[in-house]
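Asks: what's the 3D shape of this:
(one chain, ligands or ions: 2)
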Amino acid sequence: MEENKATLPFVIDFNLLSGHSSSRTTTKRHLSKMKGMYADDLAFEQKLSEGDPLLYEFYELVLPEKPGELLFGTSIVNPGKVGNEYYMTKGHFHTILETAEVYYCLSGEGILLMENPEGDWDTQEMKPGSAVYVPPRYAHRSINTGNVPLVMFFVFRADAGHDYGTIETKGYRKLVVEQDGQVAIIDNPKFAW
Ligand SMILES: O=P(O)(O)OC[C@H]1O[C@H](O)[C@H](O)[C@@H](O)[C@@H]1O
Ligand SMILES: [Fe+2]
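Replies: Ligands and ions are numbered 1, 2, ... in the order given. Prediction:
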């Protein structure tokens, strides 16, 4: 897209249940793209040796990444676990740290895990109809705790950018796992303080 060309109005469809759009293709993240992100490395390698399942996919619209524009789309996290840890997105800080984001759950169930560099963290439950506000400074990760795909619509400032490095090297302070058949939030033994 040319720098100084005004963005024109447009419409795009997203299916309420599947999250898919008939006119675009998704970016896909398979298990092999998540090396080191799950706490249980053995379970990770075991699962990978059996195949390379699709953990999640999302629509990224091509829009000018500049102030005033918004980026939006859907993300679809499949159900499943690596060891006892639920399938999840990598998660990221925004490169412009002071940039918020809104997630609206269309279908499925899950948790939005958030934490800021100061060490404050939070989890919010996602179920159809939940709109979660991710405040500025908070890294965010979507986790599917159910048996069907977790589908969410998101929107954020187009110039925010994605900072994956911090999460890839330090991890999150908390993990969302299944414990005795229940969803539990526990300390991440791998977190690099
Ligand atoms: O970027 P990831 O953490 O892998 O998650 C995938 C995608 O999920 C979200 O819904 C975000 O809002 C997107 O900006 C993001 O790229
Ligand atoms: Fe984001």
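Asks: what does the protein have sitting close to ligand 1?
Replies: 29, 58, 75, 89, 90, 91, 92, 101, 154, 162 (Cβ under 6 Å from any ligand atom). C-beta: built from backbone N, CA, C; applies to glycine.
Asks: Name the nearest residue to residue 88, sequence neighbours excluded.
Replies: residue 143 (4.2 Å; Cβ to Cβ, 6 or more residues apart in numbering).
Asks: What is whichever strand or helix holds the one you found packed up against?
Replies: Element membership for residue 143 (DSSP states H and E) is strand 139-144. Other helices and strands packing on strand 139-144, by 3 or more Cβ pairs under 8 Å, 6 or more residues apart in numbering; DSSP states H and E, are strand 70-77, strand 101-107, strand 110-115, strand 150-157, helix 165-170.
Asks: Mean neighbour count, those: which tops it?
Replies: strand 110-115 (a mean of 24; mean count of other Cβ atoms under 10 Å).
Asks: after that strand, next one along is what?
Replies: strand 121-126.
Asks: That next one pairs with which strands?
Replies: In the sheet containing strand 121-126, its partner strands are strand 110-115 (antiparallel), by DSSP bridges.
Asks: what residues does the helix ranked longest in the chain touch?
Replies: Criterion DSSP state H: the longest helix present in the chain is helix 41-49. Residues from elsewhere that reach helix 41-49 (Cβ atoms under 8 Å, 6 or more residues apart in numbering): 31, 32, 34, 35, 38, 53, 82, 83.
Asks: Max pairwise distance over these: which two?
Replies: Farthest apart among the contacts of helix 41-49 by Cβ to Cβ are 32 and 83. That separation is 16.4 Å.
Asks: low-confidence ranges in this structure?
Replies: For the chain, applying pLDDT under 70 flags the ranges 1-4.
Asks: so what's residue 142 closest to, chain neighbours aside?
Replies: residue 89 (4.8 Å).
Asks: Could you report the neighbour count for that neighbour?
Replies: 23 (other Cβ atoms under 10 Å).
Asks: same thing with residue 86?
Replies: 23.
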